[in-house]
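*Asks:* Fold the following, please.
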Amino acid sequence: MAMPVSAKAGSPPGKPILRARIGNLLKPATKQISARPTDPLSVSLSYEILRNGIGVLGLALPIVLLVGGGLDDIQRSLSAYYHFSRAAPGQYGAGTMRDAFVGILCAIGAFLFFYRGHSLQEDLALNAAGISVVLVALVPMEWPSYTVYATTVAGKIHWISATVFFIMIAYVCVFRARDTLCLMNDAGRRRIFERIYVVLGALMLATPAAIAAVGQMSSVRNGYATLVIEIAGIFVFSAFWLIKGFEIRSSLHLPARTAA
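*Replies:* Residues are numbered from 1 along each chain as shown. From the prediction side, this is the model:
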């Protein structure tokens, strides 16, 4: 009668069995990590979640900052919420809404960076936009003195990064958004989306230009013009991503919900 193969000499009793059980438990996880998505529907839905996430975060940013910071203490710029606090209005980096400001912008930046563009040019532009918006979050504006034309190194990095962000998104709107329109069979709808993207891109380009112009006008410099322009630019940014998601969904005829 054949005897069962014994465990390796010197190994504790039951160790091979325990190792086998752990291996079986980890198989699904390791398989999932190493696997590459092959289902086009799953890939499309995953990217739709990214697009919608970017759009919703953009819409939420000014609302969260203004409401959380207090509607009776509205600041002249979204960036000022990194610093402003009722308890310490002049203290650098003590903002009540600092964590929300940094967190939302970093989330948008991460989504933009990891979103795979439909062309190399779009991918590079989105990567640059993602890095720029993270710099806007992590390198704050000057405080307590407020000026569009920064005098410190950190202030210059902040404003340059914000400008690069808007320019890169404008480039994607005008020149790269049409890359996915080939999926749409209706020529009339294609032209409508093309015009929408051009308008959105022009508005994105106008945002930093308008902020710079306001900085030279002493009559409106101390008002809320900069804040209004920034909010408008962020809303245009959000609108682009939500419209892009709708365009791709309608082109691919993706279902609104999928069965589990």
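*Asks:* ok, which stretches of the stretch 101-250 of the chain are strands?
*Replies:* Counting by DSSP state E, counting those that start in this stretch, the stretch 101-250 of the chain has no strands at all.
*Asks:* Where does pLDDT dip in it?
*Replies:* Residues of the stretch 101-250 of the chain that meet the criterion pLDDT under 70 lie in 145-149, 218-222.
*Asks:* same thing but 80
*Replies:* 144-151, 215-222 (pLDDT under 80).
*Asks:* What segments of it are helices?
*Replies:* Here the stretch 101-250 of the chain has its helices, by DSSP state H, counting those that start in this stretch, at 120-138, 153-171, 187-215, 218-221, 225-252.
*Asks:* how near is residue 45 to residue 249?
*Replies:* Plainly put, residue 45 is 9 Å away from residue 249 if you go by Cβ to Cβ, to the nearest Å. C-betas here are computed from N, CA, C, even on glycine.
*Asks:* gap between the nearest residue to residue 204 once chain neighbours are set aside and residue 107?
*Replies:* Counting by Cβ to Cβ, 6 or more residues apart in numbering, residue 204 lies nearest to residue 170, which is 3.7 Å off, once chain neighbours are set aside. Per Cβ to Cβ, residue 170 is found 21 Å from residue 107.
*Asks:* who has more neighbours, these two?
*Replies:* Higher neighbour count among residue 170 and residue 107: residue 170, with 25 against 18, using other Cβ atoms under 10 Å.
*Asks:* before we move on, back to that, doesn't residue 201 make contact with the residue nearest to residue 204?
*Replies:* Yes - using Cβ atoms under 8 Å, residue 170 makes contact with residue 201 at a distance of 4.5 Å.
*Asks:* pretty sure residue 59 contacts residue 235?
*Replies:* Yes - with contact defined as Cβ under 8 Å, residue 59 reaches residue 235; the gap is 6.8 Å.
*Asks:* ok, residue 142 touching residue 153?
*Replies:* No - at 10.4 Å, residue 142 and residue 153 do not qualify as touching, with contact defined as Cβ under 8 Å.
*Asks:* more crowded one of these two?
*Replies:* residue 142 (19 against 9).
*Asks:* Now do the same contact list for the more buried one.
*Replies:* Residues counted as contacts of residue 142 (Cβ atoms under 8 Å, 6 or more residues apart in numbering) are 150, 151, 152, 154, 155.
*Asks:* Setting the sequence-adjacent residues aside, check what's closest to it.
*Replies:* Nearest residue to residue 142 in three dimensions, chain neighbours excluded: residue 155, at 4.2 Å (Cβ to Cβ, 6+ apart).
*Asks:* Please report how far the spatially most central residue of the chain lies from residue 171.
*Replies:* By Cα atoms, centre = their mean, the chain has its centre lying nearest to residue 108, at 1.9 Å. Distance from residue 108 to residue 171, counting by Cβ to Cβ: 17 Å.
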